[in-house]
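> My questions concern the predicted model and sequence given below.
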Amino acid sequence: MGQLVKVAKEAGIAVVTIENPPLNVMNQQVQRELQEVTSDLRQDREVVCILLTGAGEKAFMAGADIKEFPEMMNNPNMKTHVMETHAMLNELDQLPKPTIAVLNGLTFGGGCELALTCDIRIAEDHAQLGLPEVKLGLFPGGGGTQRLARLIGESKAKEMMFTGEPIEAEEARQIGLVNKVVPSGEGLASAKEMAARIAGYSLESLSRIKRAVDNGLQQDLQGGIKQEADLFVEVFQTEDVQEGVQAFVEKRKPEFQHK
């Protein structure tokens with residue numbers, strides 16, 4: 001089997017595409033390749049913003065590869081495998097760069113959990129999102145019980161997981177699960193437009209915004225404010241702040257070097 005996760009880079013933006021037809025399911029190979037790609041993009045100083053999507057028009061990712069489940073059932077080290085999946089998802093979640101998921105179709109189970117690791121989600125209007133694991137006698141095991149409730153609240157998250165029923169893109173927007181809904185076929189273009197604006201800013205600033213928000217949500221307000229102050233002092237020591245201030249004084253567009 002060939003490569004299932006492809007990367008294209010241009011002007012500070014990396015587009016990561018999962019190509020595992022017909023529905024881009026998460027199998028072990030996709031998981032390994034996503035982890036490798038995430039590690040590479042973390043180190044790539046030319047990449048500021050990352051887009052994640054699925055190939056085709058049917059699915060972002062329609063879940064895990066159920067054909068691999070029997071092997072998991074008979075694996076005495078199953079928890080090790082589960083934690084390896086969490087490690088991959090956590091690495092994407094904790095990337096010090098803005099990430100945007102482009103949901104171009106079915107976003108179910110592990111696909112929904114993968115989308116939840118991204119900072120922003122843009123859905124095409126034909127997309128459906130759901131966590132149907134309960135229909136197999138299972139429950140979300142890729143962080144869904146944790147990330148979804150933190151994003152949309154306990155009650156709605158439990159409803160989605162208890163019933164296993166998908167929701168349409170517009171409802172997902174209304175409950176805060178996705179940021180924006182666009183016509184079918186326009187998701188990637190819309191995400192690239194947003195990413196181009198983001199990529200024009202300093203990665204030194206963007207990475208600290210992400211860290212302040214993500215880590216702050218795990219603390220009380222005063223702890224989060226203290227961390228924000230520490231990061232604010234840090235960012236003032238960067239070359240990009242000097243460039244941004246000087247550009248403002250000179251009435252020109254800043255040229256950030258991400259230093």
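Good, I have the coordinates.
> Where in the chain is the helix or strand with the lowest mean pLDDT?
In the chain, no helix or strand scores lower on mean pLDDT, DSSP states H and E than helix 69-73, which sits at a mean of 77.
> after that helix comes which helix or strand?
On the C-terminal side of helix 69-73, the nearest following helix or strand under DSSP states H and E is helix 78-93.
> After that next one, which helix or strand is next?
Later in the chain than helix 78-93, the nearest helix or strand by DSSP H and E is strand 99-103.
> for the closest residue to Thr99 other than its chain neighbours, what are its contacts?
Nearest residue to Thr99, sequence neighbours excluded (Cβ to Cβ, 6 or more residues apart in numbering): Cys118, at 4.3 Å. Glycine gets a C-beta too; all of them are placed from N, C-alpha and C. Listed by Cβ atoms under 8 Å, 6 or more residues apart in numbering, the contact partners of Cys118 are 52, 92, 99-101.
> Could you check how far the closest residue to Met72 other than its chain neighbours is from Phe69?
Closest residue to Met72 apart from its sequence neighbours, by Cβ to Cβ, 6+ apart: Met78 at 5.6 Å. Going from Met78 to Phe69 by Cβ to Cβ, to the nearest Å gives 11 Å.
> for Ala62, same thing?
When Ala62 is compared with Phe69 (using Cβ to Cβ), they lie 15 Å apart.
> which of those two has more neighbours?
With neighbours defined as other Cβ atoms under 10 Å, Ala62 and Phe69 compare such that Ala62 has more, 24 against 12.
> how close does that one sit to Gly56?
Applying Cβ to Cβ, the value for Ala62 to Gly56 is 11 Å.
> all helices of the protein, in order?
Counting by DSSP state H, the segments of the chain that form helices are 28-43, 69-73, 78-93, 110-116, 144-152, 154-163, 169-174, 187-199, 203-216, 221-235, 239-249.
> What residues of the fifth one count as buried?
To tie it back to what came earlier, the one meant is helix 144-152. Residues 144-145, 147-149, 152 are the ones in helix 144-152 that count as buried (16 or more other Cβ atoms under 10 Å).
> so who does the nearest residue to Glu33 once chain neighbours are set aside touch?
Nearest residue to Glu33 in three dimensions, chain neighbours excluded: Val5, at 3.9 Å (Cβ to Cβ, 6+ apart). By Cβ under 8 Å, 6+ apart, the residues touching Val5 are 16-19, 30, 33-34, 36-37.
> By neighbour count, which of those residues wins?
Ile18 (25 neighbours).
> Tell me the spacing between it and Asp65.
12 Å.
> ditto for Val235
Applying Cβ to Cβ, the value for Val235 to Asp65 is 42 Å.
> now Glu234
42 Å.
> And Val178, by the same measure?
Taking Cβ to Cβ, one finds Val178 at 24 Å from Asp65.
> So for those two, which sits in the more crowded spot?
The neighbour comparison of Val178 against Asp65 (other Cβ under 10 Å) goes to Val178, with 23 against 17.
> Is the more buried one in contact with Ala123, as I believe?
Yes - contact criterion Cβ atoms under 8 Å: Val178 and Ala123 qualify, at 4.4 Å.
> so what sits against both of these two?
With Cβ under 8 Å, 6+ apart as the test, Val178 and Ala123 both reach 103, 129, 169, 172.
> Which of the residues you listed has the largest number of neighbours?
Greatest neighbour count in these, by other Cβ under 10 Å, goes to Leu103: 31 neighbours.
> ok, now which ones touch it?
53, 60, 115, 121-124, 127, 129, 169, 178, 187.
> hmm, 6 Å instead?
60, 123, 127 (Cβ atoms under 6 Å, 6 or more residues apart in numbering).
> quick one: the residue nearest in space to the middle of the chain and Leu129, what's the gap?
The chain has Cys118 as the residue nearest its centroid, 1.6 Å off, counting by Cα atoms, centre = their mean. The gap separating Cys118 from Leu129 is 13 Å, by Cβ to Cβ.
> got it, and Phe248?
41 Å.
> cool, Val102 as well?
13 Å.
> Check Asn20 too.
From Asn20 to Leu129 the distance is 19 Å (Cβ to Cβ).
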